[in-house]
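**Q** Return atomic coordinates for the entry below.
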Amino acid sequence: MDLFSKAEESNRQGAQPLAARMRPKSLDQMVGQSHILGPGKLLRRLVSAARIQSVLFYGPPGTGKTTLAKLIATETKAAFRQINAVTSGIKELREALEWARDELSVSGSRPILFIDEIHRFNRSQQDALLPDVEAGTIALVGATTSNPFFAVNGALLSRSQVFELQPLGQNDLVRLLDRAIHDPESGYGRYSIQVTPQALEYCARIAEGDARRALNALEVAVLSSVSIPIHLTVELMQESMQKKVLQFDPSGDQHYDMASALIKSLRGSDVDAALYWLARAIESGEEIRFLTRRLVIFASEDIGNADPEALSLAVATMQACEFVGLPECQLNLSQAVIYLALAPKSNSATTAIMAARKEVQQGNLIPVPIHLRDGHYPGSEVLGHGIGYQYSHDSPDGIAAQDYLGVDRQFYHPIQRGQENQLASRYEEIRSRLKRHTQKTVSSSEQAP
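**A** Numbering: from 1, shown residues only. All right, here's what the predicted structure looks like:
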């Protein structure tokens, strides 16, 4: 490399943003992801043995998916080519696969084809990768922010190792920011910077596990400062951090993950957690109808007759949200979430219908007892339909002791919580009375000549 080439390379590196300059040069410099890169972990072993075949990196932005793909190529000394599924079509994909075949033929070693946002490829584009993946022509490394079990074809998924990258911890981000401040080559080690621990901790906390966002904020803070030395304070970092745009895909896994977190927090009676996940859903742009439907379902699925008012409140919330709309309907949602979280819980309505349906699905079809059959049409008496039926309202307590099923089955198992405790006592009393009647009827029929 001559003097001019070195100058050009230096200029290109100088123009790169801090986040790009601070990319680690080796796996040992990688911050976070110890669950897959720690000593003895699977990905570390695969890289050390140069046995990378087809892998998918799944995780939120700023967790190092692209960086890790490049480091794998460096560590295994493999040729590397990157394409982005957002901007590339089948033509670019075929060119990349042709390059890989030529590279394998010339060098004898399998190249790495890195596809960023691989979930954005359609089914036919993903299928086009299969022959070369199966033949070992390429070591495919795909990166996606969407759950690959939803977004990637089953055939390609079955041939790939999936590694989930986690958001970086606060301590990891503080260490990364500190490294960027003191690195004289890629960071700001040549600058005179004074920084408080509180400023780094604030930046790391607000970045929410996103290394790129943390480094971008540091870069804005340093480059916008005119004083010497540069004083990095909490106030300066607050000004330098842009409001994070929350990811939302109405068909993606984050949509279902947040809904799951909301429902599980309600079920666990944690009001504050439920309110947080509700706020996340609202701020992310979640459809209000989806949220109210989930609350109506929850009221019966997880509260049921422990507090029958829960269903009325959930339905009223759904109607109020339709009438009021955002932003005011957040108040209706908040009221409902607080009530549902604190309400006594019972899933007996859920387990009861599931047990009854299972009985039917298994083919245990019980004929309708003759005295319960429709007796309102001409000729029903000839068949005996409806004969012997006792009208419940003619009984003093409104309960007619007769057989309503024909066999002894119990699907409903009341839970001793909230108002269902009262229903449980009444249920046991009625069930015992009906059972005695059935046993008496059976005994009488057996004694008949």
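
**Q** Tell me where the stretch 301-449 of the chain is predicted with low confidence.
**A** 438-449 (pLDDT under 70).

**Q** Check the stretch 151-300 of the chain too.
**A** In the stretch 151-300 of the chain, residues with pLDDT under 70: 242-254.

**Q** one more time with 80
**A** Applying pLDDT under 80 to the stretch 151-300 of the chain flags the ranges 226, 242-256, 285.

**Q** Okay, helices next: where are they in it?
**A** With helices called from DSSP state H, counting those that start in this stretch, the stretch 151-300 of the chain shows them at 154-158, 170-182, 197-206, 211-223, 234-240, 253-267, 271-284, 288-298.

**Q** I'd like to know which of those is closest to residue 324.
**A** Of all the helices of the stretch 151-300 of the chain, it is helix 288-298 that lies closest to residue 324, at 9.7 Å by C-beta to C-beta. Bear in mind the C-beta positions are built from the backbone N, C-alpha and C, glycine included.

**Q** follow-up on the earlier one: out of the helices of the stretch 151-300 of the chain, indicate the one that is most buried.
**A** Of those, the one with the most neighbours on average (mean count of other C-beta atoms under 10 Å) is helix 211-223, at a mean of 22.

**Q** What are the contacting residues of stretch 16-24?
**A** Applying C-beta atoms under 8 Å, 6 or more residues apart in numbering, the external contacts of stretch 16-24 come out as 13, 30-31, 67, 70-71, 176, 179-180, 183, 186-187, 211-212, 215-216, 218-219.

**Q** how about it: buried residues?
**A** 18-19, 21-24 (16 or more other C-beta atoms under 10 Å).

**Q** Just the buried positions in stretch 55-63, please.
**A** Buried, per 16+ other C-beta under 10 Å, within stretch 55-63: 55-60, 62-63.

**Q** Could you identify the most distant pair in the residues you listed?
**A** 55 and 62 (19.3 Å).

**Q** picking that back up, between the buried residues of stretch 16-24, which is nearest residue 387?
**A** Of those, the one sitting nearest to residue 387 (C-beta to C-beta) turns out to be residue 19, at 83.4 Å.

**Q** that's a helix at the closest one, yeah?
**A** Yes - counting by DSSP: H, G, I helix; E, B strand; the rest coil, residue 19 is part of a helix.

**Q** Against residue 64, how distant is it?
**A** As judged by C-beta to C-beta, to the nearest Å, residue 19 and residue 64 stand 11 Å apart.

**Q** what residues do the two have in common as contacts?
**A** Residues touching both residue 19 and residue 64 (C-beta under 8 Å, 6+ apart): residue 211.

**Q** could you redo the helices of the stretch 151-300 of the chain as CSV and give each row distance to residue 311?
**A** Shown next, in CSV, are these (distance: least, C-beta to C-beta, whole Å):
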stretch, distance to residue 311
helix 154-158, 39
helix 170-182, 41
helix 197-206, 40
helix 211-223, 42
helix 234-240, 44
helix 253-267, 14
helix 271-284, 17
helix 288-298, 7
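
**Q** So for this structure, the centremost residue is which one?
**A** Centre of the chain computed as the mean C-alpha position; nearest residue by C-alpha atoms, centre = their mean is residue 257, 2.6 Å away.

**Q** in the stretch 251-400 of the chain, which spans are strands?
**A** Along the stretch 251-400 of the chain, no segments are classed as strands by DSSP state E, counting those that start in this stretch.

**Q** got the contact list for the closest residue to residue 198 other than its chain neighbours?
**A** Spatial nearest neighbour of residue 198, chain neighbours left out: residue 234 (5.2 Å); criterion: C-beta to C-beta, 6 or more residues apart in numbering. When contacts are counted by C-beta under 8 Å, 6+ apart, residue 234 touches 196, 198-199, 202.

**Q** now those as CSV including distance to residue 88?
**A** Shown next, in CSV, are the contacts of residue 234 (distance: C-beta to C-beta, whole Å):
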residue, distance to residue 88
196, 45
198, 44
199, 40
202, 39
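
**Q** Just give me the closest of those residues to residue 328.
**A** For these, the nearest to residue 328 is residue 202 (32.5 Å; C-beta to C-beta).

**Q** could you measure that closest one against residue 173, distance?
**A** Applying C-beta to C-beta to residue 202 and residue 173 gives a distance of 11 Å.

**Q** hey, where'd the helices end up in the stretch 301-449 of the chain?
**A** Counting by DSSP H, counting those that start in this stretch, the stretch 301-449 of the chain has helices at residues 309-324, 329-342, 348-361, 380-383, 420-447.

**Q** Could you single out the most deeply buried of those?
**A** helix 329-342 (a mean of 19).

**Q** With just CA atoms, put that helix into PDB.
**A** Output in PDB follows, covering the C-alpha atoms of helix 329-342 (Å, rounded to 0.1, in the frame of the first residue of the first chain):
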ATOM      1  CA  CYS A 329     -58.900   5.900  26.000                       C
ATOM      2  CA  GLN A 330     -55.600   5.100  27.700                       C
ATOM      3  CA  LEU A 331     -57.400   6.000  30.900                       C
ATOM      4  CA  ASN A 332     -60.100   3.400  30.200                       C
ATOM      5  CA  LEU A 333     -57.400   0.800  29.500                       C
ATOM      6  CA  SER A 334     -55.500   1.800  32.600                       C
ATOM      7  CA  GLN A 335     -58.600   1.400  34.800                       C
ATOM      8  CA  ALA A 336     -59.400  -2.000  33.400                       C
ATOM      9  CA  VAL A 337     -55.800  -3.300  33.600                       C
ATOM     10  CA  ILE A 338     -55.600  -2.300  37.300                       C
ATOM     11  CA  TYR A 339     -58.900  -3.900  38.100                       C
ATOM     12  CA  LEU A 340     -58.100  -7.100  36.200                       C
ATOM     13  CA  ALA A 341     -54.700  -7.400  37.800                       C
ATOM     14  CA  LEU A 342     -56.000  -7.100  41.300                       C
END
